[in-house]
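> Let me see the structure of the following:
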Amino acid sequence: MADPADPTRVTVDGRTLLLTSLDKILYPATETTKGEVLAYYAQVAPVLLPHLAGRPVTRVRWPHGVEKDSFFEKNVPAGAPSWVERVDVGDVTYPLVPDTATLTWIANLNALELHVPQWRLVDGEPTDPDRLVIDLDPGAPATLTECCQVALLVRERLGGLGMTLHPVTSGSKGMQLYAALGTDLSSEQVTTLARTLAEELTKAHPDLIVYRMTKSLRPGKVLLDWSQNDGHKTTISPYSLRGKEDPWVAAPRTWDEVEEGAAKGGSLRQLSYDQVLARLDRDGDLLADLA
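Numbering: from 1, shown residues only. The predicted structure is shown next:
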């Protein structure tokens, strides 16, 4: 096993990085190591970085693997390289992740999850959101099957407004639906749009959908979470790993898969990082239009 005191020196984007504990197991159930996590992020960087560009990145770190404690980190940590780009949003100094070197530095800190808002920064200032996100969270015994059923309803409704939706299985329990925004809508306006959609679909399908967060209302239904569009909230980035038992990824999916998954006994499942890389080789970036 590699000695943590003897780090591996690599050069990424012209930056020198010292990678430590590459043999450390971060996902015990699959024996996935830190080195494999770093390799995944290096390979997926060309399609992941466009979703991080210009957005402050909140990380979730698992110093001792996913079976141990984790913590959210917003500020740039002490000891960060001087070349890491920073931006102040309120009283927090976030890192920006414009390149593979910064992504590698973050992953080397055991930051498995990368969360971003739906807006970007221009000249250091937040802009109006450039995308809408609908988060679909199933309450047991509801599963991805019910999420797919709701996703088709959302697509029908927002498609009528001229929006093209992109489905992403979350790497956790549910899925997200993204739509690029080409109009000057504030976060408040987008949140209102998403909440109105959620309320209307809940009224039309009360046995399937719930829009309120109250836990007692959620068993057997899909929470259509409109609140992720709030300018103060973040959502897992597409192509980010998740800190779950298995090394699942927030993975882009096709609508054909969603339609098949909506059928009774649907077979749609979360995808692991190796499956995501294989799909990229086969299908390319399904979110190219969104990014």
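> hmm, who's touching the biggest strand by length in the chain?
With DSSP state E setting the assignment, residue counts place strand 131-138 as the longest strand in the chain. The contact list for strand 131-138, computed with Cβ atoms under 8 Å, 6 or more residues apart in numbering, reads 118, 144, 146-147, 150-151, 154, 158, 163, 170, 173-181, 190, 193-194, 197-198, 218, 221-226, 228-229, 235, 290. C-beta coordinates here come from the backbone N, C-alpha and C atoms, glycine included.
> Quick one, which of those are buried?
Buried positions within the contacts of strand 131-138, assessed by neighbour count (16 or more other Cβ atoms under 10 Å), are 118, 144, 146-147, 150-151, 154, 158, 163, 170, 173-179, 181, 190, 193-194, 197-198, 218, 221-226, 228-229, 235, 290.
> Now, these that are in helices?
In helices, defined here by DSSP state H, the members of the buried ones among the contacts of strand 131-138 are L144, E146, C147, V150, A151, V154, L158, V190, L193, A194, L197, A198.
> excluding its backbone neighbours, what's nearest the third one?
Taking Cβ to Cβ, 6 or more residues apart in numbering, and ignoring the residues beside it in sequence, C147 has L136 as its nearest neighbour in space, at 4.4 Å.
> Hmm, A142 is touching L223, no?
No - with contact defined as Cβ atoms under 8 Å, A142 and L223 do not form a contacting pair (9.3 Å).
> Which residue is the nearest non-sequential neighbour of A263?
Using Cβ to Cβ, 6+ apart, the closest residue to A263 is T145 (7.7 Å).
> returning to that earlier point: between the ones in helices among the buried ones among the contacts of strand 131-138, which sits nearest D91?
V190 (24.7 Å; Cβ to Cβ).
> For the closest one, which non-adjacent residue is closest in space?
Using Cβ to Cβ, 6+ apart and skipping residues adjacent in sequence, the residue nearest V190 is N229, 4.6 Å away.
> Who are the contact partners of the closest residue to R218 other than its chain neighbours?
Of all residues not flanking R218 in the chain, G139 sits nearest, at 3.5 Å (Cβ to Cβ, 6+ apart). By Cβ under 8 Å, 6+ apart, the residues touching G139 are V210, K215, R218, P219, G220, K221, V222, L223.
> May I have stretch 280-291 exported as PDB, CA atoms only?
Taking C-alpha atoms only, stretch 280-291 is exported to PDB below (Å, rounded to 0.1, in the frame of the first residue of the first chain):
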ATOM      1  CA  LEU A 280     -19.700   8.500 -22.400                       C
ATOM      2  CA  ASP A 281     -17.500   6.400 -24.700                       C
ATOM      3  CA  ARG A 282     -20.600   5.000 -26.400                       C
ATOM      4  CA  ASP A 283     -23.100   7.900 -26.400                       C
ATOM      5  CA  GLY A 284     -21.100  11.000 -25.800                       C
ATOM      6  CA  ASP A 285     -22.300  13.800 -23.500                       C
ATOM      7  CA  LEU A 286     -26.000  13.700 -23.200                       C
ATOM      8  CA  LEU A 287     -25.900  17.100 -21.500                       C
ATOM      9  CA  ALA A 288     -23.900  19.000 -24.100                       C
ATOM     10  CA  ASP A 289     -26.800  21.300 -24.900                       C
ATOM     11  CA  LEU A 290     -27.500  22.100 -21.300                       C
ATOM     12  CA  ALA A 291     -23.800  22.900 -20.600                       C
END
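> Please tell me how far the strand or helix carrying F72 is from the chain's geometric centre.
Assigned by DSSP states H and E, F72 belongs to strand 71-73. Counting by Cα atoms, centre = their mean, to the nearest Å, strand 71-73 is centred 15 Å from the centre of its parent chain.
> Okay, now the unreliable bits of the protein?
Across the chain, residues meeting the criterion (pLDDT under 70) sit at 1-5.
> Pop the domain breakdown of it in here.
Following automatic domain parsing, one gets these domains for the chain: 8-116, 131-283.
> Where do the helices of the chain begin and end?
For the chain, helices defined by DSSP H occupy the ranges 34-52, 100-108, 144-159, 187-204, 255-261, 273-283.
> Now do D285 against F71, distance only.
31 Å (Cβ to Cβ, to the nearest Å).
> Ignore what I typed, I meant E85.
22 Å.
> More neighbours: these two, which one.
E85 (12 against 9; other Cβ atoms under 10 Å).
> State whether the more buried one and P95 are indeed in contact, as I suppose.
Yes - counting by Cβ under 8 Å, E85 does reach P95; the two are 6.8 Å apart.
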